[in-house]
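Q: I would like the atomic coordinates for the input below:
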Amino acid sequence: MRHRSKTVKLKRTADHRRALLANLACSLIEHGRIRTTLAKAKALRPVAEKLVTLGKRGDLHARRQAVAFLRHKDVAKKLFEEVAPLAKDRPGGYCRITKLGARMTDSAQMAVIEWVDVPEAEEVLADAPEAAAEETAEAKSE
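A: Predicted structure coming up:
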């Protein structure tokens, strides 16, 4: 029976799992999108969404809770100043998980987890070929 066994253990001890999720959350906040295994992405989503809820609350206690979990003041600052204000109108569902398929080496299912409300990740990917073409055109003209 699976009653009240909500936590995905990821074959790690509790301390190792907490450190892994904190590091993944830091990377997600810092970069806006990360590529990881599907199991880790599914385990990260509730953690990241709770952190955004703390960021939306914005008081001193929430800030201290975020720093205690993330262990990086600069990442917590980015959470409160950049990520959480973009999600202020959204009642939940701040993350999106997109499946990528199997990894070549060990056939682990891969996924991309990203913020729903952060437009910069989409703009960077869409503008990357155009920006590279503009830079090469400028370099050729000079």
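
Q: going forward, measure contacts between C-alpha atoms and count neighbours the same way
A: Fine.

Q: Could you name the specific helix or strand carrying the residue nearest to residue 88 when sequence neighbours are not counted?
A: Closest residue to residue 88 in three dimensions, ignoring its sequence neighbours and counting by Cα to Cα, 6 or more residues apart in numbering: residue 56, at 6.3 Å. Taking DSSP states H and E as the definition, one finds residue 56 inside helix 38-57.

Q: count of residues packed around the residue nearest to residue 53 when sequence neighbours are not counted?
A: Closest residue in space to residue 53, ignoring its immediate chain neighbours: residue 84 at 7.5 Å, by Cα to Cα, 6+ apart. Other residues near residue 84 number 24, with proximity taken as other Cα atoms under 10 Å.

Q: wait, isn't residue 84 in contact with residue 56?
A: Yes - here residue 84 lies in contact with residue 56, judged by Cα atoms under 8 Å, at a distance of 5.3 Å.

Q: Over to residue 113. Which of the three states is it?
A: Assigned state for residue 113: strand (three-state reduction, DSSP: H, G, I helix; E, B strand; the rest coil).

Q: pLDDT value on it, please?
A: For residue 113, the model assigns a pLDDT of 98.

Q: Could you give the number of residues near it?
A: 24.

Q: and what of residue 91?
A: By the other Cα under 10 Å criterion, the neighbourhood of residue 91 contains 8 residues.

Q: before we move on, what about the one 5 residues further on?
A: Neighbour count of residue 96, defined by other Cα under 10 Å: 17.

Q: Who are the contact partners of it?
A: In this structure, residue 96 makes contact with 112-116, judged by Cα atoms under 8 Å, 6 or more residues apart in numbering.

Q: any idea which residue sits dead centre in this protein?
A: The C-alpha lying nearest the average C-alpha coordinate of the chain belongs to residue 28 (Cα atoms, centre = their mean; 2.6 Å).
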